Each structure stands twice: as C-alpha cells, then as structure tokens.
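Engineer: okay, structure incoming, though there's no sequence with it:
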C-alpha cells in the first residue's frame, strides 16, 4: 500500500487554487477596490468614495444599457428555455437521418460569434438579403432599418443570440431527457395521454431542474451580452449609443491609455449585483416548486 | 444562509467575469538624461505591424546601424496591428517600455504626461534642424513642455473618385466637388440618375470635417473640447438633410470609416478618401476598379497623419536609443522606406526628392504626388487628446443628429459634455 503524506491533497489542489486566486479571486477583489478610486491605466488614482456610483446614477447611457440588458434577458430566457427543449424532444427520437438534424441545429454553436454576427450583418443591412427579398415581394417600399433603429437592432441581436444558443441548450436538454423514465411515458400513453399532455406532465417535470439551470445560465449571459450587439452595430452601439450593453459600456470606459478604470470597475460591480438578482429569483422559484 | 449568499456572490463574480487591473504608479517629471556617451551595448526597437511585409527593410536598417556602431546590438520587437495600444500600455505600466518605440502622437501624449518619454528637444537640440516642423509639432503637447518623439513618416488623405460611375451618371470626373455644398449637389445628381442605387457620399462627418469648417475643436490650453458651435451645428444640419434626401446609405449611422472605403472598393459608392497608396491597395482588392479611379486633393485643409519613434525616459542605454531613433528616421532610411510604400519622409532633406514630386503618369503615381504636395498645407486636424472612447461618443451623437433623432445642437452639446467628462475625470 502506498503511503500517503498529509500534504498530498494540498499539492494536488494547489495548481487549481493558485489559478483561482490569481485569475478569479484577486481580479474580483481588485475590481471592488478600484471601484472606489479614480484609477487610470497610467498614474494610478486615489480613493474617491462613492463618486463613481453617484456618476453611474446620472449616466443616461448606463440607463439605456441596463434597459437593453434587461430586455435581452426577458426575451432570451423564455425563448432559450423552451425552444431548445422542444428541439431536443424532436431530435431525441431514433429516426433515420436524425443525426443530420442534431448536427445542423448544433452548427451555429461552434461558429464564431463574430463571424455569425458579420453574416447576420450582411443579411440585415440596408442592401442585405432580407430587405432585398421583402422589396422584391413588395412587402416594403423602403428598407427596414434593422441595424440603425434602436429597437430593431436590439431585437436583431436577440434573434441572433437565440438562433446561436438553440443547439447548445438542446444538447443539455438531450442529456436531461435521457433521465426521464420511459416507463412513465408508456404508462401515460396506455392511460390515453396524448403527446402534448405527456410533454407537459412528464417531460417538463422531469427536466425542471435542467430548465432552472438553463434559465440561470441564459439570464447571466443575456445580462453580459457583448459580441452580438458590438458586431451588428460595428462597435458603435447604434445611433446615440443606445444599443450598448453594460459590458460594452465597461469596455468603452476601461480601454485605452486614458481609460477610467475606477468607473469601469463600478459598472462591473453594478452588473454583478444585477446578475445576482435573477439568479436568486430563479433559485427560489426552483426551490419552491 | 450566509454560506448561500457567499456562494452566489462568488459564482456571479466568476460568471460576470469581473476584474480589471490598475497601477499605482505616481506621475513623474520628464527626465532628460544625457545622450552623449559611447553607442554600444543592447538597445531595443519596437515597431507596429511591419512584419512580415517590411521585415527585410527593417533588418537592413538595423544591420546598417550595427555596422556603423560596432558593439551595439539591436533587439527588434514587432507587435501585431491589433491591440497595440494595450500592449504599449501594459509595457508602460510595468516599466518595460522598449528603448525606442513606434508611437503615434495620441499614444505618446499620455506616456509623455507620465514622464515616461524622453524630451528630445532638450536631449537632442539638432533635431529641430533636420525634421519638418509639422512632424515635430505633432509630438509637442498642450500642458507638457518638450518634444516627445522623432517624426518617422507622414501621410495625408487624398480624394478618390470612381470615374466610370461619375461619367455614367452625368458627372465629370475631371471636375470633382471641392466643397461640401458641391459634394451634396453632385450626390443629388448621382442619386437621381441611378435611381438611388449608387451613392457619392457614404460617411458620417467627424471632428476633422468640423475643423475644416472652421470650428475650434479644443480650448487653447487643451483642457476642454469646444466644438459645440453654431457652425458645427450648421454642418451637421447639412448632413442630416442629405441623409433625409437619401443621398447617404442608411447604414452609415452604424458604419465605421472603413465602411466607406469598402463600399468604394465594391463599386457601390463613387467617392472615398484614403492615404497616398490607396490605389495600390485597390489593385489587390478590386483590380478592375483600380485603373478607373481618379485622385484629387482632399477638400479643405488636408489632414496630417504622423508616425514617430519615441525614446523611453527610463532607457538604460539612452545614447544608443537616441542614435537608433535618429538612424531609423534619417533621410536616407526614410526615403528607402517611402520607395516601398506610399508614405512620406519627415526629414527636411527629402523635400526635394523628385521621387515624390514627379508622377509617372499612372493614377497611383498621381495620387502619390497629390499627397506629397498636400503635405505642404496639411495640419493635424484632430486634437491629440481625442481618443478612441471619445471618437465613439462623437460617432454616436453625430449619428443621432444625422438621423434626425436629436437636433444638431443637442447632439453636439452632449458630445462635448461627454468628451470633456472623459478628458477631465
């Protein structure tokens, strides 16, 4: 029998612990510290109390960004919680050629977000395919401003996120569906329950835990959305910057030689607090049910 | 319960990817160490995206330097095009700035303010005799005393017109517009004749357009932006009217300047602006379009773009660093560089070089000559304090004004207020 020294577990856990402290815990603590300073990339800064948070309260662009992020979350959470489940139920069946559909639905997930957003930019631009098609069909006379109107740009980005996320969450649901006992479906079928009733009374309760997990993941990623809005608006955040997300705002203030690290850190903390809200709510909902 | 909160907070922190870094380096006074002394030992040179296209050229310049000064060894670092400002920033913050670094003026300004760059006006008084004034002026900043870089090469903008599109739609490529009003007038002609399929104008105005309209962009002490004037509002109003009349593509509201050049190379718009070598680039991007392009001088005062080499104030080998910066930027080496790519030397000795002032008859060569002549009157139109974040804010506010969602005056007031916020906080 191999003799185990007392420090063996510590040695094994050390690399991961060091990684966590250096790249996760310390940056998080540093963000809190910086949020109470007027730090800049060069020249440091000094303690300014709650000044950055007071500035955030007066920042109309932050208000727009928060509205965008919340709308993003409110639309994405239900769509990306239920649509992938329906897809998973469809492709779960063992039919000839079903692998093709599973692969097709998953393909957008592996494509780079930036590449996908550029392709969508081509589709949605003034002279893009969608406007061209609608004009050919005489549905519209003038091109729709998908990329230059505040709300159309936001919903274009949301559509892109939903389309790209479907396959990813479908895979999560596929593994969860494997744990729903087949006998329950068979017994319900014998009792005369149709596919819709079986879906709502057997499948949904069987994957409720996974739905909660998926909702939490989507709410967090929706609140910190960046690449879709960034690429579709060419980094401008749309006219007036009203299509910026909170992360885009953080990027605006944190980059460059004269970046406002203190204010960007305060925005990060505000985003953190906002992110905890939906997580708590969803966790409580899950516990109650 | 407490454990539950802590777990949630840590999870959320990890998921939102919190974390920024900052340094606590106090500002320092600009140093001016002596440049006299033996030129020997190791010295580092950092360039920006010159590999692999100009590897042979730079290696040749370095070989020449090492031959001239036996005992000196140059370490050449070339950084990729993307993320260069972040790279320089991290080097400056960690005290690892190379001895000689390629810094455009807007990168050099914050480093100079922190005393990280050598004041060459103090350290090397002969520089003023050898480099053009405009180039040296680009490295003199409001609020600081000194000159913080050797100008390396210069460029400006030239107008490029698609002669085929202009002729097809009833315009004369030999008489291109020279003012904004003429431009709008001709843009109407193209729109009407092409049924709205071809555009002449395809970019939003920027601060340089305001400067050309006589708007004072920044206060004399450089401490605040001042471009919210009636003249600036009048210019934005003209663009807003043109946008409403369909003379500009709708997508320009979120398009970057690159969008304009891209639409030109795709043959969708008939006008763009670019450096002296734009036709050479077009020969690769769209070879059939390149011969149909007619260059002309930029409207108003041509903009001056400057690249330079700055010497670190903390260099352990200042004599060799200054000698290297001077060597790379001397007339001979700059001229050799300018023969490879359409840039223009910043040394007074190069002004009489016929290579830049005489055309071989091709449109690419015409563009080069126009750019070279434009440099005589070119000025740095954009204030050096104006950084990327400010540019984004101006872009956003001007888009609001042009789309008619805000009045020009309101958009300008907001842009100035936000830019001043960034400048002064």
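Structural biologist: That came through fine. Remember, predicted model here, so these are calculated numbers, not experimental data.
Engineer: can you pull the poorly scored residue ranges out of chain B?
Structural biologist: Residue ranges of chain B with pLDDT under 70: B:1-35, B:256-258.
Engineer: now do the domain split for it, please.
Structural biologist: B:41-154+B:305-374, B:158-303+B:381-424 (automatic domain parsing).
Engineer: can you say which of the ones you listed is nearest to residue A:71?
Structural biologist: domain B:158-303+B:381-424 (18.6 Å; CB to CB). Where you see a C-beta, it was placed from the backbone N, CA and C, and this is true even at glycine.
Engineer: start to end distance for the closest one?
Structural biologist: End-to-end distance of domain B:158-303+B:381-424: 34 Å, with CA to CA, to the nearest Å as the criterion.
Engineer: could you do stretch A:196-214 as well?
Structural biologist: 22 Å.
Engineer: run through who's touching it.
Structural biologist: A:80-81, A:84-85, A:89, A:169, A:172-173, A:176-177, A:179-181, A:184-185, A:188-189, A:193, A:282-283, A:285-286, A:289 (CB atoms under 8 Å, 6 or more residues apart in numbering or on different chains).
Engineer: just the buried ones among those residues, please.
Structural biologist: Listed as buried from the contacts of stretch A:196-214 are A:80-81, A:84-85, A:89, A:169, A:172-173, A:176-177, A:185, A:188, A:193, A:282; burial here means 16 or more other CB atoms under 10 Å in any protein chain shown.
Engineer: circling back to that earlier point, among the contacts of stretch A:196-214, which ones lie close to chain B?
Structural biologist: residue A:283 (CB under 8 Å from any CB of the partner chain).
Engineer: any idea which element residue A:67 lies in?
Structural biologist: helix A:60-92 (DSSP states H and E).
Engineer: now do that helix: which elements does it pack against?
Structural biologist: Counting by 3 or more CB pairs under 8 Å, 6 or more residues apart in numbering or on different chains; DSSP states H and E, the packing neighbours recorded for helix A:60-92 are helix A:98-110, helix A:150-177, helix A:208-223, helix A:246-254, helix A:261-288.
Engineer: return the most buried member of those helices.
Structural biologist: helix A:246-254 (a mean of 24; mean count of other CB atoms under 10 Å in any protein chain shown).
Engineer: and stretch A:108-117, what's buried?
Structural biologist: Those would be A:108, A:109, A:113, A:116, A:117, for stretch A:108-117 by 16+ other CB under 10 Å.
Engineer: what about that stretch, near chain B?
Structural biologist: No - figure legend: stretch A:108-117 not in contact with chain B (CB under 8 Å from any CB); closest approach 12.4 Å.
Engineer: run a quick neighbour tally on residue B:75.
Structural biologist: 12 (other CB atoms under 10 Å in any protein chain shown).
Engineer: list the contacts of it.
Structural biologist: Counted by CB under 8 Å, 6+ apart, residue B:75 has contacts B:42, B:43, B:44, B:45, B:98.
Engineer: residue A:68 too?
Structural biologist: Listed by CB under 8 Å, 6+ apart, the contact partners of residue A:68 are A:154, A:229, A:242, A:243, A:244, A:245.
Engineer: mind doing that once more with 6 Å?
Structural biologist: For residue A:68, the contacting residues are A:154, A:245, by CB atoms under 6 Å, 6 or more residues apart in numbering or on different chains.
Engineer: please name the bridge partners of the spatially closest residue to residue B:174 that is not a sequence neighbour.
Structural biologist: Among residues not flanking residue B:174 along the chain, residue B:294 sits closest, at 7.5 Å (CB to CB, 6 or more residues apart in numbering or on different chains). Beta bridges link residue B:294 to residue B:161, judged by DSSP bridges.
Engineer: swap in residue B:269?
Structural biologist: residue B:199.
Engineer: next, work out how far apart it and chain A are.
Structural biologist: 12 Å (CB to the nearest CB, to the nearest Å).
Engineer: hang on, isn't that residue packed against residue B:202?
Structural biologist: Yes - if you go by CB atoms under 6 Å, residue B:269 and residue B:202 touch, sitting 4.2 Å apart.
Engineer: list phi and psi for the residue nearest the centre of chain B.
Structural biologist: Most central in chain B under CA atoms, centre = their mean is residue B:305, positioned 5.1 Å from the mean C-alpha point. For residue B:305, the backbone dihedrals are phi -110, psi 130 (criterion: degrees, to the nearest 10).
Engineer: who in the stretch 251-400 of chain B is up against chain A?
Structural biologist: Selection of the stretch 251-400 of chain B residues close to chain A by CB under 6 Å from any CB of the partner chain yields B:251, B:253, B:254, B:255, B:256, B:387, B:388, B:389, B:395, B:396, B:399, B:400.
Engineer: those strands in chain B, which residues are they?
Structural biologist: Using DSSP state E, the strands of chain B run over residues B:41-48, B:72-79, B:100-102, B:150-155, B:158-162, B:271-274, B:293-297, B:305-311, B:344-345.
Engineer: can I get these in a markdown table including distance to residue A:96?
Structural biologist: Shown next, in a markdown table, are the strands of chain B (distance: least, CB to CB, whole Å):
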| stretch | distance to residue A:96 |
| --- | --- |
| strand B:41-48 | 57 |
| strand B:72-79 | 54 |
| strand B:100-102 | 61 |
| strand B:150-155 | 63 |
| strand B:158-162 | 55 |
| strand B:271-274 | 54 |
| strand B:293-297 | 57 |
| strand B:305-311 | 63 |
| strand B:344-345 | 68 |
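Engineer: to residue B:142, which of these lies closest?
Structural biologist: By CB to CB (comparing all of those), the closest turns out to be strand B:305-311, at 16.2 Å.
Engineer: got the contact list for residue 253?
Structural biologist: In the absence of a named chain, this looks at chain A. A:260, A:263, A:264.
Engineer: try chain B instead
Structural biologist: Residue B:253 touches A:148, A:239, B:399, B:403, counting by CB under 6 Å, 6+ apart.
Engineer: how close does the last one get to chain A?
Structural biologist: The reference is to residue B:403. 5 Å.
Engineer: doesn't residue A:238 make contact with that residue?
Structural biologist: No - in this structure residue B:403 lies outside contact range of residue A:238 using CB under 6 Å: 10.0 Å.
Engineer: who's more crowded, the two?
Structural biologist: In this view residue B:403 and residue A:238 are compared by other CB under 10 Å, and residue A:238 has more residues nearby, 28 against 20.
Engineer: what about that one, distance to residue A:136?
Structural biologist: 27 Å (CB to CB, to the nearest Å).
Engineer: what residue ranges in chain A score low on pLDDT?
Structural biologist: A:1-3, A:43, A:289.
Engineer: roughly how far does the residue nearest to residue B:174 sit from residue B:173?
Structural biologist: 5 Å.
Engineer: find residues that contact each of those two.
Structural biologist: Counting by CB under 6 Å, 6+ apart, the residues touching both residue B:294 and residue B:173 are B:161, B:163.
Engineer: got a list of what the closest residue to chain A within the stretch 101-250 of chain B touches?
Structural biologist: Using CB to the nearest CB, residue B:110 is the residue of the stretch 101-250 of chain B that sits closest to chain A, at 3.8 Å. Neighbouring residues of residue B:110 by CB under 6 Å, 6+ apart: A:42, A:257, A:258.
Engineer: same question, residue A:81
Structural biologist: Contacts of residue A:81 (CB under 6 Å, 6+ apart): A:211, A:214, A:215.
Engineer: cool, and residue A:126?
Structural biologist: Residue A:126 touches A:143, B:249, B:250, B:251, counting by CB under 6 Å, 6+ apart.
Engineer: which among the residues you listed count as buried?
Structural biologist: A:143, B:249, B:250, B:251.
Engineer: please, which helix or strand holds the residue nearest to the third one when sequence neighbours are not counted?
Structural biologist: With CB to CB, 6+ apart as the measure, residue A:126 is the residue that lies nearest to residue B:250, at 4.4 Å, once sequence neighbours are left out. When secondary structure is defined using DSSP H and E, no element contains residue A:126, which sits outside every helix and strand.
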